[in-house]
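> what follows is a predicted structure for the sequence shown.
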Amino acid sequence: MPLDYLDFELEIGQLTGQEYPLTLLRSPAGEARATLLWPLGELALENRRKDLQIALLSSGGVRRTILTPAEAAVQRFGAELFDLLFSGEVRNRYDVSQERVHHQGKGLRVKLRIQDPLLANLPWEFLYDPRRGEYICLSQQTPLVRYLELPQTIRPLAVTPPLRILGLIASPSDLQTLDVRVERQRLERAIAPLQAEGLVELQWLPGAGWRDLQRALRREPWHIFHFVGHGDFDPRREEGLIALCTPAGKAHHFSAGDLGRLLADHRTLRLAVLNACLGAQGSNHDLFSSTAATLVRRGLPAVVAMQEAITDAAAIEFTQSFYESLADGLPVDAAMSEARKAISFAVTNTLEWGTPVLYSRASDGVLFNVASLPEGEPAGREGNDRAAPSENLPGKGDSQVRNPEKAPAPSRKMADAPPATRDAPSATPNPGDKKTITAAGVPFIFVYVPAGPFRMGSEKYDREKPAHTFTTDAYWLLQTPVTNGHYQPFVKAGGYTNQEWWTPAGWQWRTKEKITEPRYWQDSQWNEPKQPVVGVSWYEALAFANWLTQLSGEAIRLPTEAEWEKGARGEDGREYPWGDQAPDKTLCNIDKYVGKTTPVDAYPKGASPYGALDMAGNVWEWTLTKWLDNYENYANLVDNRVDADADARRVVRGGSWSSFPHVARATFRIWDVPADRDDNLGFRLVVVLAPR
């Protein structure tokens, strides 16, 4: 079971006089401020780096009880870095944080935000705690990540194995020759056990030029890019680069900026692994000059690069353990810790575990939500097609742009569906009162949410800020997410064959045949009537709401983000739908407690103040609202929810069976592209009483 992590987030600011401001931004033990007095000049610092290079080159071989002078120098340097970073009140908070996460059964993620380029080039991976006699990043309990704060937000990508790796080996004829056959065998050998289990799939790029890479990224979805070749740093341009090949086989020095432009446009790509020298080397004047940092700045969620050369034995151990840990669902920083340990165990007396460097902008380190395959279903391309995310779909630019709230007239087959009926609630409903609308013979139970203000948002995450008061009109909220039982009559009535207006262009991007129903319905574990429907895009959810509106005569649509949050937490500012108690297995389906969806009425103890069920966990839920990064510009959510941009990113809420526990909070919000169709994504509806 992957660990849940709490952050110990440190920021080193720019040099002021002789001091660097050091800020503990977040930790289980609170915040703190200190100053970092750097004792080394540039020459002394260069000597330390040379000691590190010598130690890396000489390490390995027979296990010894006495360190060589070079290895001892590295350990002393690591202890110096530790004492500088964890000093005074910061060290006290670090020790208290370690104790707290230990009692909670969690890990402590050490995040370094380094604003000064000179310090960013230091080998922080060798931080050595002399009190424990251990390098901190060799433990999965304390993974280390170089975190780059950028405006883009990262959402884990839902993937059913295998993770798809695109490999590229470049060996230009005018540079030191690489044994391409051996390099291929090395990576294939490292991941062979994972391929045999269907956890990963590796494909080699047949060419080694940028056109070959661009073509491969355009034609198929990839999750990981693995490069083997030569890297360098251009001090004149202060930019990292890799050596690709020209059509004649000569070196083409491809800049990090150009590589980032290629990779960042591939929406499903979450990680690049650069097995090339100097991939993590940057300028002392530009924080984003290294190849790895440039790729992250351009939009790639995470990059692993080497700060020195790495031997074959260490590379094999790193690759196998790292990819295996990712396939097991570990956050990328925890996977790095597992890979570092594998190197330290397999290659005796080595320091090469400190060679790989992780740059990331994924706040919780989670790049993939890796689903379990249903029993009896083989892994492979067919299995991957089941959950291939549609973030990589072409846009709808070549299709008609339609107003999401205006649907065409229903087909004759749909119009012939039995009329809807509804019960007659009291003239003045009380909060939580129920009413039933029966359409096509299926009951839809709604709960009443009264008009009035509520506290929306929180101060915990930037995307939830600022907490503010928002007033909604009264509405009826579907008590549960839409289920298979609710949705199947829509399909049988022609909802897929006659509603071409909302079908996104490129929907059949992986399969050539026309899709006529959600893929997941064909799997036995998803076809029970009380299971929430999944594999439904935002467009399809709009079409279903329109169909139900036509049958019932009620104004039915997706909830706005504000309506969803009020329905989940009520007016008392609670953190979760059921109150302020942290989630557990009796309250919601989250954190892979079950490993798949559960019936929508399985968690009555987790009901919201109005009696709505499954507002936390089970499936993410679409809302009508267009995504904005925070609430600063939410002058009017009603105006924000209706626009002609049908392709805009939309807010999704509630978390799912595969989410981490903190996602169950009623204020937690992320976005998705409207064409996405995943096995953890569904929706619920509202009946509007005062449509605007």
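Done, it's in.
> doesn't Lys435 lie inside a helix?
No. Lys435: not assigned to a helix; according to DSSP: H, G, I helix; E, B strand; the rest coil it is strand.
> quick check: it touching Tyr475?
No. Contact criterion CB atoms under 8 Å: Lys435 and Tyr475 do not qualify, at 11.7 Å. Heads up, the C-betas are built off the backbone N, CA and C, glycines and all.
> ok, those two, which is more surrounded?
The residue with more neighbours, out of Lys435 and Tyr475, is Tyr475; 24 against 18, by other CB atoms under 10 Å.
> how far away is that one from Ala555?
9 Å (CB to CB, to the nearest Å).
> tell me, what's touching the two both at once?
Common neighbours of Tyr475 and Ala555 (criterion: CB atoms under 8 Å, 6 or more residues apart in numbering): Val687, Val688, Leu689.
> tell me the one of the residues you listed nearest Leu24?
Val688 (46.8 Å; CB to CB).
> and the nearest residue to that closest one once chain neighbours are set aside, what is it in contact with?
Nearest residue to Val688 in three dimensions, chain neighbours excluded: Ala555, at 4.3 Å (CB to CB, 6 or more residues apart in numbering). Contacts for Ala555 were tallied using CB under 8 Å, 6+ apart; they are Thr549, Val687, Val688, Leu689, Pro691.
> in helices, which of these appear?
If you go by DSSP state H, those have Thr549 in helices.
> which pair in the contacts of Ala555 spans the largest distance?
Of all pairs in the contacts of Ala555, the most separated under CB to CB is Thr549 and Leu689 at 13.9 Å.
> what about these two, which has more around it?
Using other CB under 10 Å as the criterion, Thr549 and Leu689 rank with Thr549 on top: 19 against 15.
> ok, the more buried one - contacts?
Ala555, Ile556, Arg557.
> residues near the last one, how many?
This points to Arg557. 23.
> pLDDT score for the residue nearest to Val688?
Ala555 carries a pLDDT value of 90.
> for it, phi and psi?
Backbone torsions of Ala555, given as degrees, to the nearest 10, read phi -90, psi 100.
> can you pull the contacts of the residue nearest the centre of the chain?
Centrality entry for the chain: nearest residue to the mean C-alpha point is Pro156, 2.0 Å, by CA atoms, centre = their mean. Pro156 is in contact with Ala362, Val366, Leu367, Phe368, Asn369, counting by CB under 8 Å, 6+ apart.
> next one: the residue lying closest to Ala120 once chain neighbours are set aside from Val200, what distance?
Nearest non-adjacent residue to Ala120, counting by CB to CB, 6+ apart: Ile114, 4.4 Å away. The gap separating Ile114 from Val200 is 32 Å, by CB to CB.
> those two: which has the busier surroundings?
More neighbours surround Val200 than the other of Ile114 and Val200, with 23 against 20 (other CB under 10 Å).
> mind checking pLDDT for the residue nearest to Ala120?
Predicted confidence (pLDDT) for Ile114: 86.
> what about Arg455, how many residues nearby?
Neighbours of Arg455 (other CB under 10 Å): 18.
> quick check: the closest residue to it other than its chain neighbours vs Thr246, distance?
Distance criterion CB to CB, 6+ apart; nearest residue to Arg455, sequence neighbours excluded, is Gly573 at 4.4 Å. Remark: distance between Gly573 and Thr246 (CB to CB) = 62 Å.
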